[in-house]
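# got a predicted structure here, sequence first:
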Amino acid sequence: MNKQFIFLIFLPIFILAASKTSDTSRWYSQKQVQTGQTLFLNNCAVCHGNKAEKTLNWKKTLKDGSYPPPPLNGSAHAWHHPKSQLKRIISNGGKSYDGKMPGFKSKLTSSDMDAVISYFQSFWDDEKYSLWKKNGGLSR
């Protein structure tokens, strides 16, 4: 069989496969993740778990009608929210979302909040992160 013929057969398959790859480059640095880990463990882990994994049944309301803290490791809905909204929730708390999370605007700076987000996003797999990014995670 002619090499050129084989090349022409596989070229469209290669182009299609290449077009389906996702952009998995992250907006944050490893240093931010390290800083975020310390901040998260000191401020967030008590409710969200050390690796942002806590509260598997996060959709079920508590006895008082509020929602428990969701896992932030990519298994719940945090990946649906753009970074700007995640920062607002960290800053102002979860009351607007029927949660009990306190606001951290007097305790964490904007760059601290970025670091916290980078820490829990470091648990998101490439597929989840790419979907978040594709849906405007950084632009709103």
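Ah, there it is. What you are looking at is a predicted structure, and each value in this text was computed from that prediction instead of being measured.
# contacts only, for Ser66.
Asp98, Gly99, Lys100 (Cβ atoms under 8 Å, 6 or more residues apart in numbering). Glycine gets a C-beta too; all of them are placed from N, C-alpha and C.
# residues in contact with the last one?
Lys100 is in contact with Ser66, Pro69, Gly94, counting by Cβ under 8 Å, 6+ apart.
# okay, those in TSV with secondary structure next?
Listed next are the contacts of Lys100 as TSV, based on DSSP: H, G, I helix; E, B strand; the rest coil:
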residue	secondary structure
Ser66	coil
Pro69	coil
Gly94	coil
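# the helices in this protein, which residues?
Using DSSP state H, the helices of the chain run over 3-19, 30-43, 45-48, 83-92, 110-121, 126-134.
# CA atoms of the shortest one as PDB?
Written as PDB, here are the backbone C-alpha positions of helix 45-48 (Å, rounded to 0.1, in the frame of the first residue of the first chain):
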ATOM      1  CA  ALA A  45     -10.900  22.300  56.100                       C
ATOM      2  CA  VAL A  46     -13.000  22.100  59.300                       C
ATOM      3  CA  CYS A  47     -16.100  22.200  57.100                       C
ATOM      4  CA  HIS A  48     -14.900  21.200  53.600                       C
END
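# for the spatially most central residue of the chain, which non-adjacent residue is closest in space?
The geometric centre of the chain, computed from its C-alpha atoms, lies nearest to Gln121 (Cα atoms, centre = their mean), at 3.9 Å. Leaving aside its chain neighbours, Gln121 sits nearest to Tyr129 (6.6 Å; criterion: Cβ to Cβ, 6 or more residues apart in numbering).
# and if you look at Tyr119?
Nearest non-adjacent residue to Tyr119 (Cβ to Cβ, 6+ apart): Gly36, at 3.1 Å.
# quick check: which ranges of this structure have low pLDDT?
Counting by pLDDT under 70, the ranges of the chain that qualify are 1-24, 140.
# now Tyr28: closest residue in space that isn't a chain neighbour?
Closest residue to Tyr28 apart from its sequence neighbours, by Cβ to Cβ, 6+ apart: Ser118 at 3.5 Å.
# no further queries at this time; thank you.
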